[in-house]
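Student: Provide a 3D model corresponding to the input given below.
(chains A, B and C)
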Amino acid sequence: MERLGLPAAPPPPPERREATKGAAQAGRLGAFFRQRYPLGGLADLLAHKTVPVHRHTVWYYWGGVTLALIGIQLASGVLLLLYYRPSADGAFESIRFIMTRVEFGWLVRSVHAWAANLVILSAMIHLASTFFLKAYRPPRELTWVSGVLLFFLLMGFGFTGYLLPWNTLAFFATKVGTEIAGTVPGIGPILRTFLCGGSDVGDATLSRFFWLHIAVLPAGLLVLAGLHVLMIQLQGMSRPLSSMGERSTPPPAASAGGGSAHSAGPFGPAAGGGAMPFFPNFFLRDLLAWSLMLGLVLCLSVYWPATLGEKADPFAPTPAGIQPEWYFLWMFQTLKLFPGHVLGIEGELVAIGLTGLAGVVLLVVPWLDRPARHGRSSWLVRLLGIAGLAYVAGMTGVALWLGAHH
Amino acid sequence: MKKSGPRLFFLRITARKIDAVPFFPAPFFLVAIAVGSTPPAVAVEQPDTCVECHQAFELASPSAPTQVMGHDVHAQRGLSCADCHGGDPTAAEQERAMDPAKGFIGRPARHEIPQFCARCHAEPAYMRKYNPNLPTDQYAKYLTSQHGKRIAQGDPDVAVCTSCHDAHGIRGKHDPQSPVFATNIPGTCATCHTDAALMERHGLPVTQHWDYSQSVHGQALLFRGDRAAPHCASCHGAHEAARPGVIAIGNVCAQCHGLTRDLFAKSPHKAAHEALGLPECEVCHGNHLIQRPTDEMLGTGPQALCATCHEAGSPGFATAQRMREAIERLKAELTRAETTVTRAAQLGMDVGEAQFEVHEAQAKLTQARTYVHSFSAQTLTPIADEGLRHAQQAGAQGYEAIKAFQFRRQGLWATLLIITLLAVGLWLKIRDLER
Amino acid sequence: MCPRQVLSRRVFLQYLLKGGVVALFGATLYPMLRYLWPPRGVESSVSSVVAAKSGELATNAAKIFRFGNRPGILLHTPRGELKAFSAVCTHLNCTVQYDDEASVIWCACHNGTFDLNGQVISGPPPRPLEAYQVNVRGDEVVVSKPA
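Tutor: Model prediction:
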């Protein structure tokens, strides 16, 4: 191996009685790569990665579920790309083609539509749980920041993807959305023109949204998600303040039959506290969660397949009751609630300003939550978090109720 | 002559006609100059004293001749009062202007009106100068009509040219406000033909307009404005208005319903109707109250018309039964197919091809109903059967679509089973590891 | 617990897991592969359709084809032009046909006649036939709705 300029291969690991043939094969495969690439450090990292075990461990699955759903979106998205045509002339017809003519096209499209909703829901749960478990404490501030940016990115995916079927609902929801974007103080009109690709939503808008949806946003996703996951591997998983005192017993051994932490079951709390190895214990649980999530996506796709709607007619009047997708409803409702003028400033501007402020606050939470930086839990931060969550959930509920009763 | 309306000086002003008293006092004439300094209703090339004078006292009357000259077809072509009524339009005094020696005719008597108009309208050489495409046979036709015949006998009730076309302010028949515009014609005829007293004097019914307005033709013309639909003149003739007569009625309907009449003419009914002196289409479909035909009219059922002539056991009876059965078979299959296809569409499946077949089947049903008029089961049944094949094809395709939908459900359950097994396996493995 | 029982349980578990993974993998891959294979009916839009192969229609002949879920009629006129119209009669929606003796389009239901520009010549139809665009692409005659 020295001939190739690589450092000498590490000495072969002591002979292990492999429990299965499969594990022995994996061992041989691992050896093949380890002899050629300096992967030792990486392998060590993964072998020793642990997940804290405490009564909130159940929330630790949501990051992985989000990632799995992103994977489903990538796969189904790439498949849809084969038949989709991004022009006002062809988009609707190509979706109809996919739904009716392409084998399992209905399934691919419905999976993509449902997983889109689920990935944002999952991301919201992941964001809320990491917030309340204060996973953003130092040294994990940037993990949080990249996560919030990822969340914004996912909302962007939702917004751009929603237009692509080019039906009435999509068209008018985008019209409303870009109009709201246009009211952002200062950069509003420029932002709107950039998004629309012109003065109004049209064929150019479709091209732009397609470009964003399949090129720009995925590139951003790759970078941010890569960083996010890398930082987690480098720093290990965060442990909430409430379980800090439980780090007494050593983590259980990985191999079957070895010593293990007392466990009431795959999702139960560990009585002795501590942590469990990521491989294979937590990973198997992850796989279980992902399988169930896949089952859910498939059920939804078959029983409530995505609909075609009617082809968008830019010259038709806006139908009554146009609403954006559910994850934007709270913003939409907030805008509607604000009075025409607040203290002399236009209500809409105030609402957008406050929403923007909320976004910035969310980004810099690690630095705002001072007590957490010193290992203390702040009731104020928790209260604000609950208030924020309640506000978003409440506004969404109100908007949905109004939408059903208009 | 009717005298009504307010008195103005020495004139009686009626709705349309002015009963001018021959003696026209000079003082009024002077007043008229002062009053009549408003511009004339229509700009004529040279000064037209008829218009100038008459306008002065017609201002208060919007339907008076000078007030309606703006939309009058004659006036628009440069013709004015004197061109019909004679006289001298350049003369300022009434005696000279309305001098019979200058050709002044004045107001023609009612029975003279057709001839009055025919002086120009029956002269091809004259009419060519104004509209070479306008026919010039109206007067000749009118003389053959019921109206024309009766006016020759001195009947004061019947219509003359001005009854339908107005005397002044005449609008062309393509002007939607004209009484002879297609959609207005039934109303124009109804002016007299729903007048009970008037019709009683002539032994005519008054129900035609009501019947017509309830019919498919009336609904099309009067309520949907479909000018392809016939009005009174389409069947009765305009100037030559009369009843079509028993033999001619088939030809009259055939103007639009040509194929149906051709089928009828080749059918055994043609000879039969002739022999019995029965009008062709009218026997089954009526004349004014023509309703949308239903399948119940065909066959041997309670509302069927065939059985009124064809006794049970006769060949005609059997044919009627077979024709109705063929159509009912097609309708039943079509309904089944439409139900299946609609269900598949609601499930979200692609049913474009199936809908195409449904459309073809519907077209064959329409054609079959037309071919009823061949009164031959041998002609009708193949058409209905072709429709039947299309409907069956549509039903089969719809059924396939529903099956495909169900396959999706089955595929899902199979996959969920695999996922469940995998989940159970993982769960057991985790428990094993941590025991 | 007897070791042999434990072993067979472990083996059973391995089979269950491996089998489950393979089955799921297969169940996911199968639809994906079927999806990737080109479906029949290449056109994805109902605004254009391959009506015939070039040379399929003789002069003074016509063919009914499916356009969306409605029939269309493709004509090869006596003068050699290819024309296409909606075959839905504007009177009562029957499917029209070509009368090659008179070189007109005729509707069998009520004798409506249309000329080779789709205009009504006689009979009850109130409106002309909707005209489509015809393009010859290679050996295919493509009919599309004008934009």
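
Student: In contact with B:Ala238, which residues are there?
Tutor: B:138, B:141, B:180 (C-beta atoms under 8 Å, 6 or more residues apart in numbering or on different chains). To be clear about C-beta, it is placed using only N, CA and C from the backbone, and glycine gets the same treatment.

Student: Go through these and say which is closest to chain C.
Tutor: Closest approach between those and chain C, by C-beta to the nearest C-beta: B:Val180, at 21.1 Å.

Student: Local confidence estimate at the closest one?
Tutor: Looking at B:Val180, its pLDDT reads 94.

Student: Then C:Val88?
Tutor: Reading off the model, C:Val88 has pLDDT 93.

Student: Likewise for A:Pro7?
Tutor: Confidence score, pLDDT, at A:Pro7: 63.

Student: domains for the chain, by residue range?
Tutor: Defaulting to chain A. According to automatic domain parsing, chain A comprises the domains A:2-15+A:27-46, A:55-238+A:279-320.

Student: not what I meant, chain C
Tutor: According to automatic domain parsing, the domains of chain C span C:1-37, C:48-144.

Student: Please identify the deepest-packed of these.
Tutor: domain C:48-144 (a mean of 18; mean count of other C-beta atoms under 10 Å in any protein chain shown).

Student: And it, how far out from the chain middle?
Tutor: Averaging C-alpha coordinates over domain C:48-144 and over its chain gives two centres that are 16 Å apart (C-alpha atoms, centre = their mean, to the nearest Å).

Student: Does chain A have contacts with that domain?
Tutor: No - using C-beta under 8 Å from any C-beta of the partner chain, domain C:48-144 stays clear of chain A, coming no nearer than 9.3 Å.

Student: Next to chain C, which bits of chain A? Give me the list.
Tutor: A:19-20, A:22, A:75, A:79, A:82-83, A:85, A:89-90, A:93-94, A:96-98, A:101-105, A:107-108, A:256, A:291, A:294.

Student: Now the buried members of those.
Tutor: Burial by neighbour count, 16 or more other C-beta atoms under 10 Å in any protein chain shown: within these this picks out A:75, A:79, A:83, A:85, A:90, A:93-94, A:96-98, A:101-105, A:107-108, A:256, A:291, A:294.

Student: Now do A:His126: how many residues are near it, please.
Tutor: 23 (other C-beta atoms under 10 Å in any protein chain shown).

Student: ok, it touching A:Gly64?
Tutor: No - here A:His126 lies out of contact with A:Gly64, judged by C-beta atoms under 8 Å, at a distance of 9.2 Å.

Student: what about the strands in the chain?
Tutor: Assuming you mean chain A. Shown for chain A, the strands assigned by DSSP state E span residues A:50-52, A:275-277, A:341-342, A:345-346.

Student: nope, chain B
Tutor: Under DSSP E, chain B gives strands at B:7-8, B:11-13, B:18-19.

Student: neighbours around A:Ala289, how many?
Tutor: 20.

Student: so how far is A:Ser238 from the nearest residue to it once chain neighbours are set aside?
Tutor: Closest residue to A:Ala289 apart from its sequence neighbours, by C-beta to C-beta, 6 or more residues apart in numbering or on different chains: A:Tyr61 at 4.9 Å. For A:Tyr61, the distance to A:Ser238 (C-beta to C-beta, to the nearest Å) stands at 15 Å.

Student: mind showing which ranges of chain B have poor pLDDT?
Tutor: B:1-46, B:246-247 (pLDDT under 70).

Student: what distance separates the start and the end of stretch B:99-109?
Tutor: 18 Å (C-alpha to C-alpha, to the nearest Å).

Student: my bad, stretch B:216-224
Tutor: End residues of stretch B:216-224 are separated by 11 Å (C-alpha to C-alpha).

Student: is chain C contacted by it?
Tutor: No - shown here: stretch B:216-224 not in contact with chain C (C-beta under 8 Å from any C-beta), separated by at least 9.9 Å.

Student: Now that stretch: buried residues?
Tutor: Residues B:217-222 are the ones in stretch B:216-224 that count as buried (16+ other C-beta under 10 Å).

Student: So which of those residues is the closest to B:Ala248?
Tutor: B:His217 (17.8 Å; C-beta to C-beta).

Student: how much space is there between the closest residue to the closest one other than its chain neighbours and B:Gly250?
Tutor: Nearest non-adjacent residue to B:His217, counting by C-beta to C-beta, 6+ apart: B:Ala229, 4.8 Å away. B:Ala229 sits 19 Å away from B:Gly250, going by C-beta to C-beta.

Student: What of A:Gly388?
Tutor: For A:Gly388, the distance to B:Gly250 - C-beta to C-beta - is 84 Å.
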